[in-house]
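In: Sequence isn't available, so here's the structure alone:
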């Protein structure tokens, strides 16, 4: 019986987790299967989707962190994209997808004590899986590619001190969830619409 070398085992484990999460996600949101054709094709081809230099596409993770009253959301101002976005970044094995989202959030914002939102506890899934194009970045030696972003819903105290990780984040703050609805970023607006449709905000005041 052959034993796969360490990096190959890690890549296989990542594909297995992504495949399992994607299957259960499509059971929960069958209308969204068309959004993930590239990811499904990469899984079928055995691509190492955890390697950020895979210019066909690779996995990222992010966390939409709400305050305990669900009326505020944690946002970072991204230096490259010049927009307010939920924190997140490239997946790095051997983290789980959820663990990666939490790690990235802590690194970018300084926030700790991040817990799974009740929806996440109930379904054990990301709230959204979003494949989107990323333009070439000559400075980083990266061509155009896609990110498969596993977006998790979390909750954390909105009273803790926040510290922006200044290499990619110029500012971090809590914003009223209505700012997502009015965001210039189409992906953020779509996420707000989905969270509203699922009743995540409840009766929380969605002020801008």
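Out: Received it, and whenever you're ready, just let me know what you need. If you're wondering where the values come from, they're calculated on a predicted model, not measured in any experiment.
In: So which residues of this protein form strands?
Out: 58-66, 72-78, 83-85, 88-90, 115-116, 128-134, 145-155, 169-176 (DSSP state E).
In: State the distance from the spatially most central residue of the chain to residue 129.
Out: Centroid-nearest residue in the chain: residue 62, 2.4 Å away (criterion: C-alpha atoms, centre = their mean). Distance, residue 62 to residue 129, using C-beta to C-beta, to the nearest Å: 11 Å. To be clear about C-beta, it is placed using only N, CA and C from the backbone, and glycine gets the same treatment.
In: what do these two both touch?
Out: Residues touching both residue 62 and residue 129 (C-beta atoms under 8 Å, 6 or more residues apart in numbering): 149-151.
In: Please work out how many residues are found near residue 163.
Out: Look at residue 163: counted by other C-beta atoms under 10 Å, it has 13 neighbours.
In: Same question for the one 5 residues further on.
Out: Neighbourhood size, residue 168 [other C-beta under 10 Å]: 15.
In: Same check on residue 152?
Out: With other C-beta under 10 Å as criterion, residue 152 counts 27.
In: which residues touch it?
Out: 61-64, 97-98, 101, 116, 120, 126-127.
In: now do 7 Å
Out: 61, 63, 98, 101, 120, 126-127 (C-beta atoms under 7 Å, 6 or more residues apart in numbering).
In: For burial, what's the neighbour tally of the closest residue to it other than its chain neighbours?
Out: Using C-beta to C-beta, 6 or more residues apart in numbering and skipping residues adjacent in sequence, the residue nearest residue 152 is residue 101, 4.5 Å away. When counting by other C-beta under 10 Å, one arrives at 30 neighbours for residue 101.
In: Which helix runs longest in the protein?
Out: helix 6-28 (DSSP state H).
In: helices or strands next to that helix in the packing?
Out: Applying 3 or more C-beta pairs under 7 Å, 6 or more residues apart in numbering; DSSP states H and E, one finds that helix 6-28 makes contact with helix 37-45.
In: Does residue 187 touch residue 132 like I think?
Out: Yes: applying C-beta atoms under 7 Å, one finds residue 187 in contact with residue 132, separated by 6.2 Å.
In: ok, those two, which is more surrounded?
Out: Just comparing residue 187 and residue 132: by other C-beta under 10 Å the higher neighbour count belongs to residue 187, 16 against 13.
In: Against residue 124, how distant is that one?
Out: 23 Å.
In: again, but for residue 135
Out: Here the criterion is C-beta to C-beta. By it, residue 135 lies 33 Å from residue 124.
In: and if you look at residue 63?
Out: Distance from residue 63 to residue 124, by C-beta to C-beta: 15 Å.
In: what's the weakest-modelled helix or strand in this protein?
Out: helix 6-28 (a mean of 90; mean pLDDT, DSSP states H and E).
In: and that helix with strand 145-155, angle?
Out: Relative orientation of helix 6-28 versus strand 145-155 (axes from the mean of the first three to the mean of the last three C-alpha atoms, to 10 degrees): 70 degrees.
In: Give me the residues contacting helix 6-28.
Out: For helix 6-28, using C-beta under 7 Å, 6+ apart, the contacting residues are 4, 32-33, 36, 39, 43, 48-50, 59, 93-94, 96-97, 123, 125-126, 129.
In: which residues sit in contact with the closest residue to the residue nearest to the centre of the chain other than its chain neighbours?
Out: Nearest residue to residue 62, sequence neighbours excluded (C-beta to C-beta, 6+ apart): residue 88, at 2.5 Å. Neighbouring residues of residue 88 by C-beta under 7 Å, 6+ apart: 60-63, 101, 104, 149.
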